[in-house]
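**Student:** predicted model follows, preceded by the sequence.
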Amino acid sequence: MDWKTYPLPEDVENLRADWQQRLYLYLLAENSGIAPENLAMTYWFLGGKQPQSWRLVYDGDQHAATKVELHQLLERLAQWLGDYEQGLPLPQVNGDRQLCPTCPFNLRCDRGDDRPGQETLDQLELIPEVPLA
């Protein structure tokens, strides 16, 4: 189960392609001895007026596809790491793709100064201390 604090999305099928759930189910099948056909993931969405759930069933075809894609990604990462160790820069997404404004790592590649909604700690001393005892 995975608890979400937002309401059920309109397009829950996007969850099927989400890497978090794909990796959870893949690792569970690989390490538990449970057949993929006997696994499912249930999402509970608590942000609406009433809690809603959505169940994602898993199977051997999904498991095999995830394995292939995961191995391809790991090979690509290994290549990038090897290139980086030889002095080549790591690849970056094209800045025109509109991903940078919402990326939590955009400050690391100098693409996100002054993001809207980003909290800064410039005046940390103004935040009152909260006693723990």
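**Tutor:** Noted; the coordinates are in hand. Numbers count the residues shown, from 1 in each chain.
**Student:** what's the local residue count around His63?
**Tutor:** The local packing of His63 (other CB atoms under 10 Å) involves 20 other residues. The way it works is simple: take the backbone N, C-alpha and C, and place the C-beta from them, glycine included.
**Student:** pretty sure it sits in a helix.
**Tutor:** Yes - assigned with DSSP: H, G, I helix; E, B strand; the rest coil, His63 falls within a helix.
**Student:** would you agree it is in contact with Asn38?
**Tutor:** No - when contacts are counted by CB atoms under 8 Å, His63 is not listed as touching Asn38 (11.3 Å).
**Student:** how far is stretch 11-23 from where the chain is centred?
**Tutor:** The chain centroid and the centroid of stretch 11-23 are separated by 10 Å, computed with CA atoms, centre = their mean, to the nearest Å.
**Student:** again, but for stretch 67-79
**Tutor:** Shown here is stretch 67-79, whose average C-alpha point lies 17 Å from the average C-alpha point of the whole chain (CA atoms, centre = their mean).
**Student:** same check on stretch 88-107?
**Tutor:** Worked out by CA atoms, centre = their mean, stretch 88-107 lies 16 Å from the chain centre.
**Student:** with stretch 24-33 instead?
**Tutor:** With CA atoms, centre = their mean as the basis, stretch 24-33 stands 18 Å off its chain's centre.
**Student:** show residues contacting that stretch.
**Tutor:** The contact list for stretch 24-33 (CB atoms under 8 Å, 6 or more residues apart in numbering) reads 2, 34-36, 39, 41, 56, 58, 62-63, 66-67, 70.
**Student:** what pLDDT does the spatially most central residue of the chain get?
**Tutor:** What sits nearest the mean C-alpha location of the chain, by CA atoms, centre = their mean, is Gln20, with 5.3 Å. The per-residue pLDDT reported for Gln20 equals 86.
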